[in-house]
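>>> A predicted structure for the sequence below; I have some questions about it.
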Amino acid sequence: MSENKNPIISNKWIVSNRGIKNIVDSQKPYAWLVEKERQSLGKIEDVATIFLTNQECPFKCLMCDLWKNTTNKSIPIGAIPNQLKWALSQMPQVKNLKLYNSGNFFDGKAIPEEDYEPIADLIKDFETVVVESHPKFINEKCLRFKNLLKPKLQVAIGLETVNTKVLFKLNKQMNLNDFKTAVDFLSENGISSRAFILLRPPFLTEEEGIFWAQKSIDFAFEVGVECCSVIPVRGGNGAMELLQETGDFSPPNIHSLETVIEYGIALNAGRVFADVWDLGLFSNCKKCVELRTERLIDMNLNQKIESKIQCDCN
Ligand code: SF4
Ligand SMILES: [Zn+2]
């Protein structure tokens, strides 16, 4: 595998290491789920997430595997409203909604502007809606969408890390000022924001991973985001497996996720969530992984530091 040592991280290299995409249907979201989340005012409520099917994000971030459930071409006008109708007919009624589209809600090639009005109409009974976007797509279009909406809008943005060298290598095509400018623009227009923060992206040790995730939470709140979601980095997109082989990437440990969430909650600056999906990937200890997962879920919901789990692996 010597040809993969110190690869030049580029769109071409990242894409060349990918596997194949899943088969998706432009008229149906590729998934939906309902989970509990603490709301900004402190109530714990059900939140539905609909994972919309649409054209792949134009960025090619090093750690991203969201391209797996996307199309290569734009989907027709009306497809996103059809996906929403389908999902809403399956789901229980809840007050809060996330519309995640594996990319940028305000990318016209992913979600045509012609669909904004029917989308707004379909979701008028929700109280909150969260969509996601890269800072480079945050502009007047967000305001057009917001002005059509009844629910309160929040935009989730991948900050990833404030380690600028690593952020550059992630091929995110974004710097910290782009992130700040996007958050400022949203705040000035009455739209709150949420930051996605990576725990231990490639090129960092475990300790550095913790340090930079904490610094990233600090930065996100300093620039005015309302909440942070910390995502332990996993493999699964081809490029990350190669970096794992060359020693440039190792998944973080669940202990580190606990440390970072404790830190974030103690700041008392806004909600701080751990992404608790499939945490078994981040633990070598079968004895406590479930207890640690439950602890993180409780901390997500209560935004309080729960008692530590006692285990030999400490
Ligand atoms: S901007 Fe988001 S969706 Fe697009 S490649 Fe990067 S991480 Fe993936
Ligand atoms: Zn243990």
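Yep, it's here. Numbers count the residues shown, from 1 in each chain. Ligands and ions are numbered 1, 2, ... in the order given.
>>> how much space between the residue nearest in space to the middle of the chain and Val230?
Residue closest to the mean C-alpha point of the chain, counted by Cα atoms, centre = their mean, is Phe196 at 4.9 Å. For Phe196, the distance to Val230 equals 8 Å [Cβ to Cβ, to the nearest Å]. Where you see a C-beta, it was placed from the backbone N, CA and C, and this is true even at glycine.
>>> once you drop chain neighbours, what's closest to the residue of the stretch 201-314 of the chain found nearest ligand 1?
Nearest to ligand 1, among the residues of the stretch 201-314 of the chain, is Asn237, at 9.4 Å (Cβ to the nearest ligand atom). Taking Cβ to Cβ, 6 or more residues apart in numbering, and ignoring the residues beside it in sequence, Asn237 has Asp65 as its nearest neighbour in space, at 4.1 Å.
>>> kindly report the same for Glu241.
Glu241 sits nearest to Gly235 (Cβ to Cβ, 6+ apart), 5.1 Å away.
>>> shouldn't the one you found be within a strand?
No - judged by DSSP: H, G, I helix; E, B strand; the rest coil, Gly235 forms no part of a strand; its state is coil.
>>> quick one: contacts for it?
Glu241, Gln244, Phe249, Pro251 (Cβ atoms under 8 Å, 6 or more residues apart in numbering).
>>> could you dump stretch 67-78 to CSV, C-alpha only?
Output in CSV follows, covering the C-alpha atoms of stretch 67-78 (Å, rounded to 0.1, in the frame of the first residue of the first chain):
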residue,chain,number,x,y,z
TRP,A,67,-22.6,10.6,-0.8
LYS,A,68,-23.7,7.0,-0.4
ASN,A,69,-27.4,7.8,-0.4
THR,A,70,-27.4,10.5,-3.0
THR,A,71,-28.1,10.8,-6.8
ASN,A,72,-25.6,11.8,-9.4
LYS,A,73,-28.0,14.2,-11.1
SER,A,74,-30.5,16.8,-9.8
ILE,A,75,-33.9,15.3,-9.0
PRO,A,76,-37.1,16.8,-10.5
ILE,A,77,-39.0,19.7,-9.1
GLY,A,78,-41.7,18.3,-6.8
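>>> near ligand 1 at all, that stretch?
No - remark: stretch 67-78 sits outside contact range of ligand 1, by Cβ under 6 Å from any ligand atom, the gap being at least 7.0 Å.
>>> likewise for stretch 29-37?
No - if you take Cβ under 6 Å from any ligand atom as the test, stretch 29-37 misses ligand 1, and the best it gets is 13.9 Å.
>>> chain center to that stretch: distance?
The chain centroid and the centroid of stretch 29-37 are separated by 14 Å under Cα atoms, centre = their mean, to the nearest Å.
>>> for stretch 250-264, same thing?
Computed by Cα atoms, centre = their mean, the chain-centroid distance of stretch 250-264 equals 16 Å.
>>> can you list the residues that contact it?
Residues from elsewhere that reach stretch 250-264 (Cβ under 8 Å, 6+ apart): 199-200, 206, 209-210, 213-214, 217, 228, 230, 232-235, 244, 272-274, 279, 281-284, 289, 292-293, 295-296, 299-300, 305, 308, 313-314.
>>> apply 7 Å and report the result again.
Residues from elsewhere that reach stretch 250-264 (Cβ atoms under 7 Å, 6 or more residues apart in numbering): 199-200, 206, 209-210, 213-214, 217, 228, 230, 232-235, 244, 272, 274, 279, 281-283, 289, 292, 295-296, 299, 305.
>>> now it - C-alpha only, CSV.
Provided in CSV are the C-alpha atoms of stretch 250-264 (Å, rounded to 0.1, in the frame of the first residue of the first chain):
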residue,chain,number,x,y,z
SER,A,250,-7.9,6.0,14.4
PRO,A,251,-11.4,6.3,15.6
PRO,A,252,-11.8,8.0,19.0
ASN,A,253,-12.6,6.2,22.2
ILE,A,254,-16.0,6.6,23.9
HIS,A,255,-14.2,7.8,27.0
SER,A,256,-13.0,10.8,25.0
LEU,A,257,-16.5,11.5,23.8
GLU,A,258,-17.7,11.6,27.4
THR,A,259,-14.8,14.0,28.3
VAL,A,260,-15.7,16.4,25.5
ILE,A,261,-19.5,16.3,26.3
GLU,A,262,-18.8,16.9,30.0
TYR,A,263,-16.6,19.9,29.0
GLY,A,264,-19.2,21.3,26.7
